[in-house]
Each structure stands twice: as structure tokens, then as C-alpha cells.
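In: pasting the sequence and the predicted coordinates here, then a few questions.
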Amino acid sequence: MSAGEQENLAQKLAGLREEHRDLDEAIQRMTEEPWVDQLRLRRLKKRKLKLKDWISRLESNLIPDLDA
């Protein structure tokens, strides 16, 4: 993987982490409210899990393959 591709992946990873953090904060605020839209909350949680999977996949792509 070239340095440019690694930098591109690192930038994408940073954006996904930021979105994940924003969703976490939004979910936290929603759960503190007395009336919670359960459907919206479920969708936000599902999106957060997808982001976590994408982040994990990109992180594994950034780790170089080592021949043992």
C-alpha cells in the first residue's frame, strides 16, 4: 500500500471516528430526555455499530502484512 493510500485511509478513518463520537453524544442526549423516539434511537445505534465495523475494517487495512 502506498503512502498516499495510507494517508487517504487515515483521513477517512478520522472522519468515521468523529461521526461515531458525534452519534455517541447524540444517543446519550436522547436517552436523558423524558420522551425518547425509540425508532430514531434504534436507527442511531444501528448506524453507530456500522461505523464501528467500518472503523475496525479500515484499522486492519492500515496494519501492514508481515510474512512470518
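Out: Done, it's in.
In: for Lys48, see how far away Arg42 is.
Out: 11 Å (C-beta to C-beta, to the nearest Å). Just so you know, the C-beta spots here come from the backbone N, C-alpha and C atoms, and that holds for glycine as well.
In: again, but for Asp65
Out: Distance, Asp65 to Lys48, using C-beta to C-beta: 29 Å.
In: related to what we said a few turns ago, Arg42 and Lys48: which has the busier surroundings?
Out: Lys48 (17 against 10; other C-beta atoms under 10 Å).
In: now do the contacts for Ile55.
Out: When the contact criterion is C-beta atoms under 8 Å, 6 or more residues apart in numbering, the partners of Ile55 are Leu13, Leu16, Arg17, His20.
In: give me the buried subset of those.
Out: Neighbour counting over those (16 or more other C-beta atoms under 10 Å) leaves Leu13, Leu16, His20 as the buried ones.
In: centroid-nearest residue for the protein?
Out: Leu51 (3.2 Å; C-alpha atoms, centre = their mean).
In: which residues sit in contact with that one?
Out: Contacts here follow C-beta under 8 Å, 6+ apart; on that basis Leu51 touches Leu16, Glu19, His20, Leu23.
In: in terms of pLDDT, where does it sit?
Out: pLDDT, Leu51: 97.
In: quick revisit: would JSON lines of the buried ones among the contacts of Ile55 with distance to Ser2, secondary structure and pLDDT be doable?
Out: Shown next, in JSON lines, are those (distance: C-beta to C-beta, whole Å; DSSP: H, G, I helix; E, B strand; the rest coil; pLDDT from 0 to 100):
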{"residue": "Leu13", "distance to Ser2": "16", "secondary structure": "helix", "pLDDT": "94"}
{"residue": "Leu16", "distance to Ser2": "21", "secondary structure": "helix", "pLDDT": "96"}
{"residue": "His20", "distance to Ser2": "26", "secondary structure": "helix", "pLDDT": "97"}
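In: and those as JSON lines, adding distance to Asp37?
Out: Output for the buried ones among the contacts of Ile55, formatted as JSON lines (distance: C-beta to C-beta, whole Å):
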{"residue": "Leu13", "distance to Asp37": "30"}
{"residue": "Leu16", "distance to Asp37": "25"}
{"residue": "His20", "distance to Asp37": "21"}
